[in-house]
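>>> need a 3D model of the following:
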Amino acid sequence: PAAKLVYKPLGGLGLEAQVPDDANIDDNTKTAGFPSVTIWAQPTTFVNGAGDDSMEPQTFDAAKQEVQKDPNPFQKFTKQEATADGWKLEYELQSGIDKATIYGYKVRFKVDGKPFDCGSNGRSTAERDAVVKICSSIRKHA
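Got it, this is the predicted structure:
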């Protein structure tokens with residue numbers, strides 16, 4: 001059976017996300033030096049923020065270029081959308097290990113004027129869809 005989804009706080013980021021109820025969330029902000037959380041779900045999902053507008057990449061085009069520099073060979077974008085406060089990118093990479101397709105997703109959005117990135121890579125479209133669902137659920141922590 002599918003795990004029950006519940007809202008959990010994302011460390012000290014002031015955000016919360018709808019995640020499987022058995023997901024663990026690690027706040028890596030202290031070691032990273034910037035707002036950073038790892039959501040241990042399937043697949044592992046990452047949320048990062050700078051808290052200001054200096055966060056890289058700064059533009060939609062720069063974000064697309066960054067995806068294409070992944071160590072796993074870039075195949076294609078399946079969705080590339082500029083949004084009012086960032087972007088949504090869905091893409092496919094080829095695993096450098098087993099040549100299988102890797103399905104990636106990265107989104108930039110703002111909460112209270114602060115930029116955040118959310119995303120991950122999965123081994124199937126279902127895993128990518130799970131990342132999209134987690135990232136899309138992020139909101140200000142009540």
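>>> show me the residue at the heart of the chain, geometrically.
Closest to where the C-alpha atoms of the chain average out (CA atoms, centre = their mean) is Gly119, at 1.6 Å.
>>> now it. Nearest residue, chain neighbours left out?
The shortest distance from Gly119 to any non-neighbouring residue, by CB to CB, 6 or more residues apart in numbering, is to Lys106 (3.7 Å). In this view, the C-beta of every residue, glycine as well, is placed from N, C-alpha and C.
>>> list the helices and strands the lowest-mean-pLDDT helix or strand in the chain packs on?
The helix or strand of the chain with the lowest confidence, counting by mean pLDDT, DSSP states H and E, is helix 29-32 at a mean of 91. Judged by 3 or more CB pairs under 8 Å, 6 or more residues apart in numbering; DSSP states H and E, helix 29-32 is in contact with no other helix or strand.
>>> point out the other helices and strands that the longest helix along the chain packs with.
Longest helix of the chain, by residue count under DSSP state H: helix 125-137. On a contact count with 3+ CB pairs under 8 Å, 6+ apart, helix 125-137 meets strand 15-20, strand 45-49, strand 101-111, strand 114-122.
>>> now the ones you listed as a markdown table including mean pLDDT and distance to Thr29?
Formatted as a markdown table, the helices and strands packed on helix 125-137 follow (pLDDT from 0 to 100; distance: least, CB to CB, whole Å):
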| stretch | mean pLDDT | distance to Thr29 |
| --- | --- | --- |
| strand 15-20 | 96 | 12 |
| strand 45-49 | 96 | 9 |
| strand 101-111 | 96 | 15 |
| strand 114-122 | 95 | 12 |
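>>> what about these, which gets the closest to Asp26?
strand 45-49 (10.3 Å; CB to CB).
>>> partner strands of the closest one, parallel or antiparallel?
If you go by DSSP bridges, strand 45-49 pairs up with strand 36-40 (antiparallel), strand 114-122 (antiparallel).
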